[in-house]
Structure formats: structure tokens, C-alpha cells
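Engineer: I need the structure of the sequence given here:
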Amino acid sequence: MSTPTGEQTAPSDFIRDIVADDLRAGKYSFSHTRFPPEPNGYLHIGHAKSICLNFGIAREFAGVCNLRMDDTNPSKEETEYVESIGEDVNWLIAGWADHVLGLKAKGKTEPFYASDYFEQFFEYAVQLIAKGKAYVDELSPTDTDSYRISGKESPFRGRSPEENVVLFQRMRAGEFPDGHCTLRAKIDMQSPNVWMRDPVLYRIRHTAHHRTGSRWCIYPMYDFAHCLSDYIEGVTHSVCTLEFEVHRPLYNWILENLDLPRKLPHQYEFARLNLTYTVLSKRKLMQLVEKGLVTGWDDPRMPTISGLRRRGVTASALRAFAYNIGITKYDGLTDVAVLEHAIRDELNKTALRRLAVLRPIKVILTNYPVDQSETLNAVNNPEDPNSSTRSVTFRRELYIERSDFMEDPPPKYFRLRPGGEVRLKYAYIIKCEEVIKDATGIILELRCTADLDSKSGGANANRKVKGTIHWVSAADSIDAEVRLYDRLFVEPEPETGTDFERQLNPASFEVVDARCEPSLQEARSEARYQFERLGYFVLDKDSRSGQLVFNRTVTLKDSWAKQAQKPSGAK
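Structural biologist: Got it, this is the predicted structure:
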């Protein structure tokens, strides 16, 4: 077995140990897991952890994993979300675990849907009623909650099974308005676990469903549909996040109180992902979208899988992240720097190197012939011993980064300064001779001289200077819009505050007009690029011919770590 990052040993955790023990003991003939999102929003990186766990188990133990839409609440679900979930899951597992994806029907890649089982759910509910294990309750939603908290029994709890079956059938027939009554399990109103105090199994919703239309006006609650969907599909190990641990007794109660001939699935829980500088509440992510605080679900600052994909994060980097953080039974907080490290670690090995200047300032080499140009070799990836080279054109007029020049620099500043020298990468050592400004003092251009013997192969090629900077030819470079994305929040734990919107990072998005080497005219959306000395970038979907748009995936180094070390109040 191998992990997404290439190691030969698969990860080990308590859930995988359980699966291995169950298979070894013959409890199940093979492992069958599932990933069951509710289609009421886009998937986020927390879901990526669950996807990698469930599909990873199926991959490692020669099993199957189902993608199932838990579409039991039509008032919040949309086809857009169903489609986005399918796209995200297939992107994340493609080439890695797509061979273990359970198919709804032979030859089809369509996901499973809880709504496909509505008729079976109804029949199972009738079976519970007939056994005296469920009843139709006419308490209001407010009274239902109040009675459950106090442990008080509903006055409708003593109805006969025959009366309850008739009432449940009338609920299905649409004879009652929303909220008029519910179907509740008849368990124990004194249970120390409030979820076992006659939980609601069905409620009335006169709302059209995105798949079943208006055929149903009663819909099962998650706890009822979840365990039964697992059973119907033959799931063996139902892996949930830790907040569902208190629901497990109900999961078992429903299955054990029905006449089910096959082996029952079992639920296991693990700690969800909590990530610094990030919110993973679907409600809060929806709030960011609906208020226009981001450009949409796939805004590259969002922790959604679609946002991360648009930002340039690869599926393999996400899988490596999910593997490396591990699976535990205890809630914790993962530093987003761990995710950023996983992204850098992969892109450093795979990204094509290119020259780009984000905030250009012109440099004129006064001793370089006006009409002369030369072709220099630049490496495509120094981390790849088999990597090829590319050609870049060098001329008299260049652009460098404005931040690579300072008139009055601090100590240990090794970039360009008046009278100072730096090496232009792949080219010559240059010296700043003159600074040209406009009437307001803004620097317009730098006039420099080049040591024409300092290029590779020249007499002075080994002459040492402390700084090396990047550049592009003014005449040959092309325009590009570059979108600089950063962390969406300024506080490590934005979800702990009452108003998380106040913690949004005002510097999380900046657009600059850059100049790039001409080879980027052929940039491909599936490729990743390192703009040398600047960071990793990807072509955005907004790009058009002659109108390139690049998104910054991540910087070369963690600038936030250095900022966090500064004393309070320092800038």
C-alpha cells in the first residue's frame, strides 16, 4: 500500500485498525464505507478529510466507498450543490481511489441518493409503528423541544399502533399542514441521552424535492435516513465526525428494532478538522457568499474544495495533507501552515519555473547595446533532474520588482540600491548608477550598468555578489492580471468570536498588473507555475486569449510565521 505522497506504508489509526480487525475476524467479507454529504452547500476542506478517510479505507482494504447524497431536507437543497459535490469528490479521488467508487447502477458513475429510498424508509417507519415503537405526535415544535428537555411524555404517546398507522398514512397523503404533527420513535423520555427521548423520525414539508418533485410531503430526519441508507447499501463501517457520537445509540436502536435479515452496519466517530485562520461552518460559509464578502463558493480564499482547486491546490496535495494530520478521537486545532507546507512541498517538486514581475519598475542598462538581444537558458524545474530548459530573451530595457530596489535600505538588504550590485538571474551582475523620478518623487526608472563579463561562461562569471533578483525583458514580456490571495481571516480562531465577519483579513485579496515572460502565453490551466522568488501560481478560469489571469496559490515561505513572532503592536 502507498500513501498519496509516495510512502509504502499506509497510515495507521484507530478506525483503520477496527476495519482490519473486523476483516481478519470474518465479521465482514469486505469493507464498505460511504461519504454522505447533504447537498445544501459546497464541500470544504473538512469534507476532504472525510473523503480521504472513507475512500482511503476502501482503497487500502480492497473495498468499496459510496458517494451518497443525504437529500432529505428539500427546503435547503439544490441541484447546484449536488453537481458541485459530485465534481469535487471525483476530482479529489481521480487516479487515486476512483476504482473503489461504488456505482449506483452498473456502468454509471451517478452517486447514490437517500431520496431513492423514500418508499423503503416509509415502509420501515410503518413497521416500527406496528410494533408500537413509533407514534404520531401533534405537539408543536416548541412543545416537542420543551417536553424532551424536561423528560415529559407527550399526551399523544399512548395512541394505538392502528391509529398511528392511519395518521401516518394521512400525513403522507398531505392532509396536514407543515408542523401539524410528526412521527416520533417511542424510546425513553427519561434517557440521560436527550437524543433517545422519543426523537422525531419524520416531519411534514410541503416543499418540492429536487429529485422527487412533489411526490412526497413528509421527509425522514437525518438520524432515521442515515442508518437505513447504510443498511440498504450494504455499508459495513459508517464513519462520522465526533458530533454524531451521541447519535450512535439511536442509529443502533432503529436498526435493531426492525426485522433486518442482513448484518448491520456499525457507526464510528473521529474528530472533525478544525483549521486556523479558517471557518468551516457551512452556515458561516453561506453567510460569506450571500453577503458578497467573497465572490462565490469557489472564491480562492474560501476553504471549499472548489475554491482550493481554483486557487491551484492539487488533489494530491490535499490528500497528502489529510493523511499527514491523522485521524483521532479528540478535537484539536490544525495550523493552516501545515496545509500550506503540504502545498509547497508538492509544488516545489512539480511546478514549472517562470519569470514574472508583479510591480514593475524599469531598468535601463546604459552600457548594453540598444539593438542587441540575446537568448539565455533558464531551468524549468531545478528539483527535477530530468527537467528541460527554456529560452528567455535579454535586452537593454528590463523590468524588476519595485520591492527589489530601495534608496535607503536597512542593514542586511542584499537587493539593488544606489551604487549597489545584484545579479540578474540567468544573466549579468548590474550596478545602479542613477535613479530617475517624476516631479512628485515617484521612481520612474533605474539606470544601471552591466558587468558584461559576468554572465555564465564569462571572465567574471564567478564574481560574488550577495543578491540575485529576477527580471523580464520590457519589449518581450506580456501583460497579465495577477490575483494575490492570502488567508481570509486575521485571527487564528475566527469561529470563537460572536462576529466572525469582523475578523476578515482586508489584505486577503489584491490585484496587480504584472509583466511575465512570453512563454506564459501558452500557460495551461492544469499546470502549476512558480513565479521565481514570488510564489506558486495557476491560470484562472477568467483567463482569455490575450487577457491572462493568474491566481497565487501560496507564497514561497510562510510570511505569517514571521509576523506572529513580532511583539504586540509592532508593524
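
Engineer: contacts, neighbours, all on C-alpha from now
Structural biologist: Will do.

Engineer: how close does His264 sit to Leu255?
Structural biologist: No His there; residue 264 is Leu. 7 Å (C-alpha to C-alpha, to the nearest Å).

Engineer: ditto for Leu398
Structural biologist: 72 Å.

Engineer: okay, those two: which has more neighbours?
Structural biologist: Between Leu398 and Leu255, counted using other C-alpha atoms under 10 Å, the more crowded position is Leu398 (21 against 18).

Engineer: quick one: residues contacting the more buried one.
Structural biologist: For Leu398, the contact set (C-alpha atoms under 8 Å, 6 or more residues apart in numbering) comprises 362-364, 471-475.

Engineer: residue ranges with poor pLDDT in this structure?
Structural biologist: The model of the chain has pLDDT under 70 over residues 1-9, 105-109, 497-498, 561-571.

Engineer: again, only this time at 50
Structural biologist: 1-8, 568-571 (pLDDT under 50).

Engineer: name the element Arg170 belongs to?
Structural biologist: Assigned by DSSP states H and E, Arg170 falls within helix 161-172.

Engineer: which residue ranges form the helices in this structure?
Structural biologist: 14-24, 45-60, 79-93, 118-130, 141-150, 161-172, 222-233, 248-256, 282-290, 305-311, 315-325, 336-350, 559-564 (DSSP state H).

Engineer: and the first one with helix 45-60, angle?
Structural biologist: Orientation note: helix 14-24 sits at an angle of 30 degrees relative to helix 45-60 (axes from the mean of the first three to the mean of the last three C-alpha atoms, to 10 degrees).

Engineer: show me how far helix 14-24 is from its chain's centre.
Structural biologist: Taking C-alpha atoms, centre = their mean, to the nearest Å, one finds helix 14-24 lying 28 Å from the centre of the chain it belongs to.

Engineer: oh, and call the first residue 302 from now on, that's how I've got it
Structural biologist: From this message on, residue numbering opens at 302, which makes the last subject helix 315-325.

Engineer: next, the buried residues of that helix.
Structural biologist: Neighbour counts using 16 or more other C-alpha atoms under 10 Å place 316-317, 320-321, 323 of helix 315-325 among the buried residues.

Engineer: how about residues contacting stretch 796-811?
Structural biologist: For stretch 796-811, contacts defined as C-alpha under 8 Å, 6+ apart pick out 579-580, 602, 784-792, 795.

Engineer: distance across it, terminal residue to terminal residue?
Structural biologist: Span of stretch 796-811 from end to end, C-alpha to C-alpha: 24 Å.

Engineer: how about stretch 387-400?
Structural biologist: 15 Å.

Engineer: contacts made by it with the rest, please.
Structural biologist: With C-alpha under 8 Å, 6+ apart, stretch 387-400 has contacts from 305, 344, 349, 352-353, 356-357, 359-360, 412, 606-607, 616-617, 619-620.

Engineer: circling back to that earlier point, show the buried residues in the contacts of Leu699.
Structural biologist: 663-665, 772-775.

Engineer: turn those into a markdown table, columns for distance to Ala486.
Structural biologist: Shown next, in a markdown table, are these (distance: C-alpha to C-alpha, whole Å):
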| residue | distance to Ala486 |
| --- | --- |
| Lys663 | 75 |
| Val664 | 77 |
| Ile665 | 81 |
| Trp772 | 71 |
| Val773 | 71 |
| Ser774 | 74 |
| Ala775 | 74 |
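
Engineer: and of the residues you listed, the nearest to Ser757?
Structural biologist: Trp772 (16.6 Å; C-alpha to C-alpha).

Engineer: mind listing what that closest one touches?
Structural biologist: 656-658, 699-702, 725-726.

Engineer: by neighbours, which of these wins?
Structural biologist: Of the contacts of Trp772, with other C-alpha under 10 Å as the count, Ala657 tops at 30 neighbours.

Engineer: which non-adjacent residue is nearest that one?
Structural biologist: For Ala657, ignoring the flanking residues on the chain, the nearest one in space by C-alpha to C-alpha, 6 or more residues apart in numbering is Cys817 at 4.2 Å.

Engineer: report how many residues lie close to that neighbour.
Structural biologist: So Cys817, with other C-alpha under 10 Å, has 26 neighbours.

Engineer: ok, now Glu811?
Structural biologist: Using other C-alpha under 10 Å, Glu811 has 11 other residues around it.

Engineer: what bridges to it?
Structural biologist: Following DSSP bridges, Glu811 is listed with bridge partners Leu785.

Engineer: repeat that for Pro521.
Structural biologist: If you apply DSSP bridges, the partners that Pro521 bridges to are Tyr503.

Engineer: just list the residues touching the residue lying closest to Gly364 once chain neighbours are set aside, thanks.
Structural biologist: Leaving out its chain neighbours, the residue that sits closest to Gly364 by C-alpha to C-alpha, 6+ apart is Ser332, at 4.8 Å. Listed by C-alpha under 8 Å, 6+ apart, the contact partners of Ser332 are 320, 324, 358-359, 362-365, 536-538.

Engineer: state the distance from Ser332 to Leu586.
Structural biologist: Taking C-alpha to C-alpha, one finds Ser332 at 34 Å from Leu586.

Engineer: ok, back up a step: show me what contacts the residue nearest to Ala657?
Structural biologist: Taking C-alpha under 8 Å, 6+ apart as the test, what Cys817 contacts is 655-658, 773, 778-781.

Engineer: of all those, which two lie farthest apart?
Structural biologist: Arg655 and Asp780 (14.0 Å).

Engineer: these two - which one has more neighbours?
Structural biologist: Arg655 (25 against 19).

Engineer: in contact with that one, which residues?
Structural biologist: Arg655 neighbours (C-alpha under 8 Å, 6+ apart): 681, 817-818, 821, 830-833.

Engineer: could you redo the last one with a cut-off of 6 Å?
Structural biologist: Phe832 (C-alpha atoms under 6 Å, 6 or more residues apart in numbering).

Engineer: with Tyr729 instead?
Structural biologist: 755-756.

Engineer: go again using 10 Å as the cut-off
Structural biologist: 695, 723, 750-757, 759, 761-762, 769 (C-alpha atoms under 10 Å, 6 or more residues apart in numbering).

Engineer: let me see the ranges of the strands in the stretch 702-851 of the chain.
Structural biologist: 722-725, 730-738, 744-752, 769-770, 773-774, 779-786, 810-817, 830-832, 836-840, 849-856 (DSSP state E, counting those that start in this stretch).
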